[in-house]
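Enquirer: give me a 3D structure for the following:
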Amino acid sequence: LLRFFLGRLLLIDGLTTVFAFGGLFAAGTFGFDERQVLLFAIVLNLTSAVGAVGFAWFDDRFGAKSTMVWSLVGLLLTGAALLLAPNAPAFWWWGGLLGLFVGPAQAASRSYLAHMAPVAQRNELFGLMAFSGKATTFMGPFLVGGLTATSGSQRLGLSVVLVMFAGALFLTLGITSDRSARLSR
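Expert: Alright, predicted model coming up:
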């Protein structure tokens, strides 16, 4: 569970950073105005919801760990493509695809904990999970701000998010599968 919590912490910090800086990146790199930034946020939320619903069957069939792993791979690939997007249409396209992996990653982490937490400790562990998503939310923005200021590049600054997603993936690959817990119930 410790690896799970550390991986989830990196995931949530990465997502928080994407949400905090995505609009700034779009405005600074592609000249998005306020309306376009708001519309982009709506698109991300909609595709995130579609992804959460769409991946629910995957979670049921293959388990929450597999869902988290594939969601993190999707976040890494689409996040890299988003940072390398050469123009606004490509940014829209990759941003919409990135959203498809946000919802499943978050939902599967809750599903995983529900299956793996000892019954007597579930409330405490869900409380810890909620706290861990908030306790270090300064980390991503701090790193992005520092790297952007040092390098002068928003793209390079936001690459911190990819490092967070990669760290979350590495840690998630090492956690116990929830499939055996599901099958024994």
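
Enquirer: do a quick rundown of the helices in the protein.
Expert: Ranges of helices in the chain, per DSSP state H, are 2-30, 34-54, 56-62, 64-83, 88-116, 122-135, 139-151, 154-173, 179-183.

Enquirer: TSV for the ones you listed, including mean pLDDT?
Expert: Listed next are these as TSV, based on pLDDT from 0 to 100:
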stretch	mean pLDDT
helix 2-30	92
helix 34-54	94
helix 56-62	92
helix 64-83	97
helix 88-116	94
helix 122-135	85
helix 139-151	94
helix 154-173	96
helix 179-183	56
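
Enquirer: ok, residue 13 - how many residues close by?
Expert: A total of 26 residues lie near residue 13 under the criterion other Cβ atoms under 10 Å. Any C-beta I mention is one placed from the backbone N, CA and C, and that applies to glycine too.

Enquirer: who are the contact partners of the residue nearest to it when sequence neighbours are not counted?
Expert: Nearest residue to residue 13, sequence neighbours excluded (Cβ to Cβ, 6 or more residues apart in numbering): residue 140, at 4.6 Å. Residues near residue 140 by Cβ atoms under 8 Å, 6 or more residues apart in numbering: 13-14, 16-17, 20, 160-161, 164.

Enquirer: 10 Å instead?
Expert: For residue 140, the contacting residues are 10, 12-21, 158, 160-161, 163-164, by Cβ atoms under 10 Å, 6 or more residues apart in numbering.

Enquirer: out of those, which end up buried?
Expert: 10, 12-18, 21, 158, 160-161, 164 (16 or more other Cβ atoms under 10 Å).

Enquirer: nearest to residue 41 among the residues you listed?
Expert: residue 18 (10.8 Å; Cβ to Cβ).

Enquirer: so how far is residue 141 from that closest one?
Expert: Distance of residue 18 to residue 141, given as Cβ to Cβ, to the nearest Å: 11 Å.

Enquirer: so what's the residue count around residue 68?
Expert: Neighbours of residue 68 under the rule other Cβ under 10 Å: 29.

Enquirer: how far away is it from residue 82?
Expert: Counting by Cβ to Cβ, the separation of residue 68 from residue 82 is 20 Å.

Enquirer: and if you look at residue 20?
Expert: Using Cβ to Cβ, we find residue 20 at a distance of 15 Å from residue 82.

Enquirer: what's near enough to touch residue 135?
Expert: 9, 12-13, 128.

Enquirer: residue 155: neighbour count?
Expert: By the measure other Cβ under 10 Å, the count of residues near residue 155 is 15.

Enquirer: next: residue 174.
Expert: 10.
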